[in-house]
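Enquirer: have a look at this prediction, sequence included:
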Amino acid sequence: MVNQCNFIGRLGKDPDSRFTDSGKAIANFTMACTEKWGGEEHTEWVRVVAFGKLAEIIGEYLKKGGLIFLSGKMQTRKWTDKEGQDKWTTEIVARDMKMLGGKAERNDEYAPPKGDDDDIPF
């Protein structure tokens, strides 16, 4: 069996980076993956989580609108919210990431993706 996902897209906002009590880095972000066909455009928002050194790199170098290639595995997590309701989320656990685009991309001289996190339906 294989659980492998590959995406090219733009970050919907700056990554949320933090460290656990034991010092392990965690980074969360969303990315917009847009397909164009027949003169139409469709954007799919993907939740991403990264751990360890990759999370540190993501937290330091990635910014909203940045274009990246991401490879990882899909996972669904379940938790219970404050009201006792069960909740689920599906996300990509990043294994590899490559920054795409030129210097202008990395210096915030680019157009952000269409929409923003307010458009994400979850």
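Expert: Now that the structure is in, tell me what you want to look at. Everything quoted here is computed from the prediction, not taken from an experiment. Numbering: from 1, shown residues only.
Enquirer: low pLDDT regions in this structure?
Expert: 102-122 (pLDDT under 70).
Enquirer: apply 50 and report the result again.
Expert: Scanning the chain for pLDDT under 50 picks out 107-112, 122.
Enquirer: longest helix in it, please.
Expert: helix 52-61 (DSSP state H).
Enquirer: now it, how far from the centre of its chain.
Expert: For helix 52-61, the distance between its averaged C-alpha position and the chain's averaged C-alpha position is 12 Å (Cα atoms, centre = their mean, to the nearest Å).
Enquirer: strand partners (parallel or antiparallel) of the helix or strand following it?
Expert: Of the helices and strands lying after helix 52-61 in sequence (DSSP states H and E), the nearest is strand 67-80. In the sheet, strand 67-80 lines up against strand 5-11 (antiparallel), strand 86-99 (antiparallel) (DSSP bridges).
Enquirer: what's the most buried one of those?
Expert: Ranked by mean neighbour count, the strands paired with strand 67-80 are led by strand 5-11 with a mean of 17 (mean count of other Cβ atoms under 10 Å). In this view, the C-beta of every residue, glycine as well, is placed from N, C-alpha and C.
Enquirer: give me the buried positions along the helix or strand following that one.
Expert: Secondary structure here is assigned by DSSP H and E; on that basis, the next helix or strand after strand 5-11 toward the C-terminus is strand 16-19. Along strand 16-19, these residues count as buried under the neighbour rule (16 or more other Cβ atoms under 10 Å): residue 17.
Enquirer: returning to what we had before: what lies in contact with the longest helix of the chain?
Expert: Outside helix 52-61, the residues within contact range by Cβ atoms under 8 Å, 6 or more residues apart in numbering are 15, 17, 24-27, 29, 50, 94-97, 99, 106.
Enquirer: if we use 10 Å, what do you get?
Expert: Around helix 52-61, the neighbours that count as contacts under Cβ atoms under 10 Å, 6 or more residues apart in numbering are 11, 14-19, 24-29, 48-50, 66, 68, 70, 72, 94-97, 99, 106.
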